[in-house]
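Chemist: Dropping the sequence and predicted coords here.
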Amino acid sequence: MGRALLLYPQLMEGETMFATTIRDFTDHVIDELAPATTAEAESGDSPRLACLLDRASRVGFDDADILSAIVEVARAQNVLAGAQALLVRVADQVGIPVRKRLSMPSLLMEIGVAPAVAHRTVRNGRHAERLDSVARGMRDGYLSPEMADEVGRGVAAVNKRVPLDESEKQILARKLLLHSTPGEVKAAAKAEGIRLAAQSDDPEATPASENSELNEMTLTSDDEGHTVSSISLDALTGEELSAALDPLMRPVPQPDGSRDPRSTAQRRADALGQIIRTYLAGSERPASGGVLPHVSLIVPTAGTPGDGVARLGFTGPVGTATVGLTLCSAAVTAVVVDGEGVPLDVGREHRLMTPGIRKALAARDCGCTFPGCGRPVSWTDAHHIVPWSEGGDTSVENGVLLCRMHHTLVHNSEWQVVIGDDGHPWFIAPGNVQPIRSHARRTLTVHTQAAA
């Protein structure tokens, strides 16, 4: 809350009685958690929560005290989450976000609320306004914010399948509240939507499999920073996605002719990545902030405070191999920042392969040059053989086309690329000295490191 007071000092002026009561309650809880004084610890009479551990027995009446406290704290959390959702809804209705020039979730994030919680709080304010049972459960503390959100979203999902009147929405919300977990609520809402759709006698009703309003996609990051997604699409969009993925999913043999080691799921993910990169390379797509970058890479300068770790604009910190891979892409915005995060240098176009160089590489390489690959030019990145950051030129002689799979391999392994005297790229496998011909190499070479 200290940050909130810095951002909004007027919060301390003209406070409501409710805000004062909440502060007093919070201060009381803080006092309860404070370490006991020496005298309190010696006497064993301190009522503070922090002293419970010293007084608690494995069995006996203290167990009930502890469990009761756990229950009441959980209820208090639910009540306060409900109050926050209500306050957020009121703030939205009276136009506070507009006056602050922020969205309501952004306003919450400025006071330290996690993004996912901020968005859920805003949704719960709307759910409580529309569904009486959700509002009552949040007010009385028996409904967690996660459950309230899932019930509200469940009602909305069913309403997309089969339009419901207000009384039907209220009945459905009460029915969903009978379940114990958000996962059960979600499954029950889906089953109810299917059941109601099957009972509908409306000849103009759109089948669920063809209803694009039911389309959903989640995009989150796991504990290791991997992006995790789930997707639900109508039949037509699903068919289009399958048609787009299919030609990009074909197995690619290894240089020795052995089978592609990737699983079907891995090849599908790689295919989706290629579709994304192809889209981002298009000049007619919508701009982000007036530019058309593949990604934004934030690079701290050497010797500045902080952890010194580069990070991507959306998905966060990345290692040196990914930095190198990113810097090879032909449409990256690299933002160099100082220790305070202030940009020092935003992109350097002379680092990037120009359209003319790309055309020359396409004529020479005819696609991914990695031995045995040969994916088309449109699927490839232009890779600097000697990294630009290490003094490598942006030129045909220092460039090679690689599909993203093999581009990643080169950056994350000991595979080497050299240009032979024939002007074509050659590859040296880890632990070997004898070069292997690139996929499209047509001539012999006298290069000492690239003999046929």
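Modeler: Received the coordinates, thanks.

Chemist: ranges for the helices of the stretch 351-452 of the chain?
Modeler: 355-365, 404-412 (DSSP state H, counting those that start in this stretch).

Chemist: can you give me the strands for this structure?
Modeler: Listed in chain order, the strands of the chain (DSSP state E) span 216-221, 227-232, 296-300, 311-312, 316-317, 333-337, 343-346, 380-384, 399-403, 416-419, 425-428, 436-437.

Chemist: Pick the most deeply packed of those.
Modeler: Stretch with highest mean neighbour count among these: strand 399-403 (a mean of 27; mean count of other C-beta atoms under 10 Å). (Each C-beta comes from the backbone N, C-alpha and C, glycine too.)

Chemist: what comes into contact with that strand?
Modeler: The contact list for strand 399-403 (C-beta atoms under 8 Å, 6 or more residues apart in numbering) reads 274, 353, 357, 361-362, 365, 367-370, 373, 375, 377, 379-385, 410, 417, 419, 425, 438.

Chemist: how about a cut-off of 7 Å?
Modeler: 353, 357, 361-362, 365, 367-370, 373, 375, 377, 379-385, 410, 417, 425 (C-beta atoms under 7 Å, 6 or more residues apart in numbering).

Chemist: what pLDDT, on average, does that strand get?
Modeler: Averaged across strand 399-403, pLDDT comes to 89.

Chemist: gap between that strand and the chain center?
Modeler: Put simply, strand 399-403 sits 28 Å off its chain's centre (C-alpha atoms, centre = their mean, to the nearest Å).

Chemist: Parallel or antiparallel, which strands does that strand pair with?
Modeler: With DSSP bridges as the test, strand 399-403 is paired with strand 380-384 (antiparallel).

Chemist: Name the surrounding residues that touch the strand it pairs with.
Modeler: Outside strand 380-384, the residues that touch it by C-beta under 7 Å, 6+ apart are 328-330, 353, 358, 361, 367-368, 392, 398-404, 407, 410.

Chemist: Just the buried residues of the residues you listed.
Modeler: 328-330, 353, 358, 361, 367-368, 398-404, 407, 410 (16 or more other C-beta atoms under 10 Å).

Chemist: So, low pLDDT: which residues of the stretch 351-452 of the chain?
Modeler: Flagging of the stretch 351-452 of the chain using pLDDT under 70 yields the residue ranges 351-352, 440-452.

Chemist: ok, now the stretch 101-250 of the chain?
Modeler: In the stretch 101-250 of the chain, residues with pLDDT under 70: 201-209.

Chemist: now with 90?
Modeler: Applying pLDDT under 90 to the stretch 101-250 of the chain flags the ranges 101-103, 105-107, 109-116, 139-141, 157-163, 183, 186-187, 190-250.

Chemist: residue ranges of the helices in it, please?
Modeler: Remark: helices assigned in the stretch 101-250 of the chain by DSSP H, counting those that start in this stretch are 104-110, 115-130, 132-140, 145-161, 166-176, 182-199, 235-245.

Chemist: Which other helices and strands does the third one contact?
Modeler: Identification of packing neighbours for helix 132-140 by 3 or more C-beta pairs under 7 Å, 6 or more residues apart in numbering; DSSP states H and E yields helix 61-93, helix 115-130, helix 145-161, helix 166-176.
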